[in-house]
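**Student:** Need coordinates for the below:
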Amino acid sequence: MAINYSYFEQGPFRVIKTHVSNLKNVVIKKPLCDTSYYGINGGFFAEPAGGYGTPPTTPLSINWFKGQTTGVCTYNGPSATDTRQRGTLVTFYDTATSKTLSVITRAKDINEIKQDLGANLDYRNIIGGGSLALNLSNSAWKTLHEDQEKWSVYGTLAITERSAIGLKVENGQHIAFLLISKNGNNESLYSMRDTLKELGCFDGIFLDGSGSAQMQVHANGALIQDRGSDGAPGRYIYNAVTLANTN
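**Tutor:** Numbers count the residues shown, from 1 in each chain. As a prediction, this is how the structure comes out:
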């Protein structure tokens, strides 16, 4: 049995549970299940000129990990000059408590995050997506989602395959839940918000969906692979949120 993560199913979702210190953003530019990584897909990216069966080149969500030197996207949205403040997961090492902590903020780029949270924090991951704002009602969240984050209503409120990260505090430790729709199930973001609330999460972000919603993990004596809706070998995605330690 793995000691650094666990896997289970919650309603229509597959779930990996791990400490936030075990998260690591990686740029893969291929289907997740064609790598050795355990985890789920990352944020949004532009469809490649050759279609989703070819490596993407243009990320549209922040993807950063401490020490990462290539493939970094520092802004959320279609360009570096865009002003879309979107949900972004931040993990950092806190010297006062000797713990890796996490927070979800809304920002257009990494510079804005560092202005808000502090330039000298020991940042570990900064991963962009969309706010799930679990403390809000569905109607209040929908207003945030549509009016402030500037998502396409058709593209993101539609029923489709889903992926997300939820955050929870357990015994003083910050825990992450990595979720995707199970076996290509079509789900709403409302359903994903409800599931994260059931798990006791205080906040969360949604990541890319449809054929991009992918998971790979070893659990119950077997390798579990979910390639999303595009079929084998799966959609080429830009980045993934992976487990640094898979033991």
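
**Student:** Which of the helices or strands spans the residue lying closest to R124 once chain neighbours are set aside?
**Tutor:** The spatially closest residue to R124, leaving aside those adjacent along the chain, is T91, at 4.5 Å (C-beta to C-beta, 6 or more residues apart in numbering). For every residue, glycine as well, the C-beta is placed using N, CA and C. Assigning secondary structure by DSSP states H and E places T91 in strand 86-94.

**Student:** Alpha carbons of the helix or strand following that strand, in PDB - could you do that?
**Tutor:** Sequence-wise, the next helix or strand downstream of strand 86-94 (DSSP H and E) is strand 99-107. Extracted in PDB, the C-alpha atoms of strand 99-107 (Å, rounded to 0.1, in the frame of the first residue of the first chain):
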ATOM      1  CA  LYS A  99       5.300  22.800   6.700                       C
ATOM      2  CA  THR A 100       4.300  23.000   3.100                       C
ATOM      3  CA  LEU A 101       1.100  25.000   3.000                       C
ATOM      4  CA  SER A 102      -1.400  25.800   0.200                       C
ATOM      5  CA  VAL A 103      -3.700  28.600  -0.800                       C
ATOM      6  CA  ILE A 104      -6.000  29.300  -3.800                       C
ATOM      7  CA  THR A 105      -5.900  32.900  -5.000                       C
ATOM      8  CA  ARG A 106      -7.200  34.700  -8.100                       C
ATOM      9  CA  ALA A 107      -4.500  36.300 -10.300                       C
END
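
**Student:** By mean pLDDT, which helix or strand of the protein comes out lowest?
**Tutor:** helix 153-157 (a mean of 55; mean pLDDT, DSSP states H and E).

**Student:** Following element in sequence after that one, please.
**Tutor:** Immediately after helix 153-157, counting by DSSP H and E, sits strand 163-170.

**Student:** wouldn't E198 be in contact with Q10 here?
**Tutor:** Yes. Counting by C-beta atoms under 8 Å, Q10 is a contact partner of E198 at 6.8 Å.

**Student:** Pick out whichever of the two has more residues nearby.
**Tutor:** Q10 (15 against 11; other C-beta atoms under 10 Å).

**Student:** who's in contact with that one?
**Tutor:** Counting by C-beta atoms under 8 Å, 6 or more residues apart in numbering, Q10 makes contact with 179, 195, 198-199.

**Student:** Quick one: buried ones out of those residues?
**Tutor:** Neighbour-count burial (16 or more other C-beta atoms under 10 Å) applied to these gives 179, 195, 199.

**Student:** Neighbours of G77, how many?
**Tutor:** Counted with other C-beta under 10 Å, the neighbours of G77 add up to 20.

**Student:** which SSE is it in?
**Tutor:** Using DSSP H and E, G77 maps to neither a helix nor a strand.

**Student:** who's in contact with G53?
**Tutor:** 230, 235-236.

**Student:** Tell me how far it lies from W64.
**Tutor:** Counting by C-beta to C-beta, to the nearest Å, the separation of G53 from W64 is 27 Å.

**Student:** tell me the helices in this protein, going along the chain?
**Tutor:** For the chain, the helices defined by DSSP state H cover 110-117, 138-143, 153-157, 189-198.

**Student:** lowest-confidence stretch among those helices?
**Tutor:** Of all the helices of the chain, mean pLDDT reaches its minimum on helix 153-157 (a mean of 55).

**Student:** residue at max distance from the center of the chain?
**Tutor:** Ranked by distance from the centre of the chain (C-alpha atoms, centre = their mean), the top residue is A96, with 26.9 Å.

**Student:** tally of neighbours for the closest residue in space to N125 that isn't next to it in sequence?
**Tutor:** Once flanking residues are discounted, N125 sits nearest to T91: 4.4 Å by C-beta to C-beta, 6+ apart. Using other C-beta under 10 Å, T91 has 26 other residues around it.

**Student:** Thanks a lot, catch you later.
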